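Colleague: my questions concern the predicted model and sequence given below.
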Amino acid sequence: MGSKAGWLPVALLLAAMALSSVLPPPSVAAAAESAEADHAVQQQSERISGSAGDVLEDNPVGKLKVYIYDLPRKYNKKMVTKDPRCLNHMFAAEIFMHRFLLSSAVRTLKPKEADWFYTPVYTTCDLTPAGLPLPFKSPRVMRSAIQYISNKWPFWNRTDGADHFFVVPHDFGSCFHYQEEKAIERGILPLLRRATLVQTFGQENHVCLKEGSIIIPPFAPPQKMQTHLIPPDTPRSIFVYFRGLFYDTGNDPEGGYYARGARASLWENFKNNPLFDISTDHPATYYEDMQRAVFCLCPLGWAPWSPRLVEAVVFGCIPVIIADDIVLPFADAIPWEEIGVFVEEKDVPKLDTILTSMPIEDILRKQRLLANPSMKQAMLFPQPAQPRDAFHQILNGLARKLPHPEGVYLQPGEKHLNWTAGPAGDLKPW
């Protein structure tokens, strides 16, 4: 695809990149510490205009109180002790959210004054030898935890969980399966249908996304990314960058189902295009390469989301989002249309034309927005937590749901949940 005549604007663009000194991420753990650094950031970045920027920089402290249930260790800490790999995979937000809340200023030890109740259960910490989370025990683990809190405390039963939130970072949230067809067949775990779900999965009009859910970024290791920063004035000499699978022959031997064919189309159309640096190889310079790229492809895989979105934003590489109807993290605070490029799955064969036709001024503005420290911070789960990070964005989302409507609290004898609903395997004790 594409023609040599179309490469001239790209050459001019890459030359502009070399002269523009667009910032890659500052310290991933914190914004610039000195007035001089702040001035440099202001010169080379652009604040989000309007209410979105204000929402992104909200401080949730004083706007809500959260009570953390004290669960037996088998639901959380014992799982991590058994397999510490859970701390490093892209679903690890459930672990770090728990750790953050334990020392957060929004935590209350008095459940009667709480606005929200949090159940720290690690449903993704069950890994294969290859380190991939298995979803098959997750429904039983979650049901067991809910049974425990409903028997020990009165708060679940007064609302059927409507003032409770759960972090469920599986591929398809609380549908608890990595293949979409089976996730749709399962549906959201019945006991969670009144709770607020904090999840990475987001797709419009999908059975695995309930109204009112808070969509979060997947976990990407902040400290690891910090160690791979390159000098700020490094030219962005790669036009389009992607590393990952194009086919999943193990799970989709006939092809066409994985990524709804979008990744296969990327490979077949652009594997020989010199503007596209795409491969299945994952080099040691992966993070450095993203900082040298203008556009980073973020196509769907089995699910519409992946850590590439976080990596692209943090490294100042314009995310090219190829996932129809995706709901992106913190969409009420981050203006994704302004910082990214959205390409419909059916238009993948035209991707070279779409990207080479973008005006240089539009590309440079997207990069200035991406250089905003608040934008990067909102995508990360640093340890220790920092102002405006993903932990705080989750709390902001919960605070904006307050006060709870009157209908949250049940009348005597009123029940909404069916404790015996769901597949027979989910009902087995854990």
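Modeller: Everything's here; your move.
Colleague: by mean pLDDT, point me to the weakest helix or strand of this structure.
Modeller: helix 35-44 (a mean of 43; mean pLDDT, DSSP states H and E).
Colleague: for the residue nearest to P120 when sequence neighbours are not counted, grab the count of nearby residues.
Modeller: In space, and not counting its chain neighbours, P120 is closest to H98: 4.1 Å by Cβ to Cβ, 6 or more residues apart in numbering. (Each C-beta comes from the backbone N, C-alpha and C, glycine too.) The tally of other residues near H98 (other Cβ atoms under 10 Å) stands at 20.
Colleague: go on, the one 10 residues further on?
Modeller: Other residues within reach of T108, judged by other Cβ under 10 Å, total 16.
Colleague: contacts only, for the nearest residue to L197 once chain neighbours are set aside.
Modeller: Computed as Cβ to Cβ, 6+ apart, the closest residue to L197 that is not its neighbour in sequence is S213, at 4.5 Å. Contact analysis of S213 by Cβ atoms under 8 Å, 6 or more residues apart in numbering lists 173, 196-199, 202.
Colleague: C296 falls within a strand, correct?
Modeller: Yes. Counting by DSSP: H, G, I helix; E, B strand; the rest coil, C296 is found in a strand.
Colleague: just the pLDDT for T249.
Modeller: T249 carries a pLDDT score of 88 in this model.
Colleague: and if you look at G422?
Modeller: 89.
Colleague: how many residues are close by the residue lying closest to G187 once chain neighbours are set aside?
Modeller: Spatially, and ignoring its direct neighbours in sequence, G187 is nearest to V207 (5.4 Å; Cβ to Cβ, 6+ apart). Neighbourhood size, V207 [other Cβ under 10 Å]: 14.
Colleague: isn't V207 right up against C175?
Modeller: Yes. V207 is in contact with C175 according to Cβ atoms under 8 Å; the separation is 7.1 Å.
Colleague: joint contacts of the two?
Modeller: 184, 187-188.
Colleague: quick check: the gap between the residue nearest to G187 and F172.
Modeller: According to Cβ to Cβ, to the nearest Å, V207 and F172 sit 9 Å apart.
Colleague: go on, D352?
Modeller: 31 Å.
Colleague: quick one, which of these two is more surrounded?
Modeller: Using other Cβ under 10 Å as the criterion, D352 and F172 rank with F172 on top: 29 against 21.
Colleague: only the buried residues of stretch 208-217, if you could.
Modeller: Neighbour counts using 16 or more other Cβ atoms under 10 Å place 208-210, 213-217 of stretch 208-217 among the buried residues.
Colleague: start to end distance for that stretch?
Modeller: 17 Å (Cα to Cα, to the nearest Å).
Colleague: stretch 275-291 too?
Modeller: Across stretch 275-291, first to last residue, Cα to Cα, it's 16 Å.
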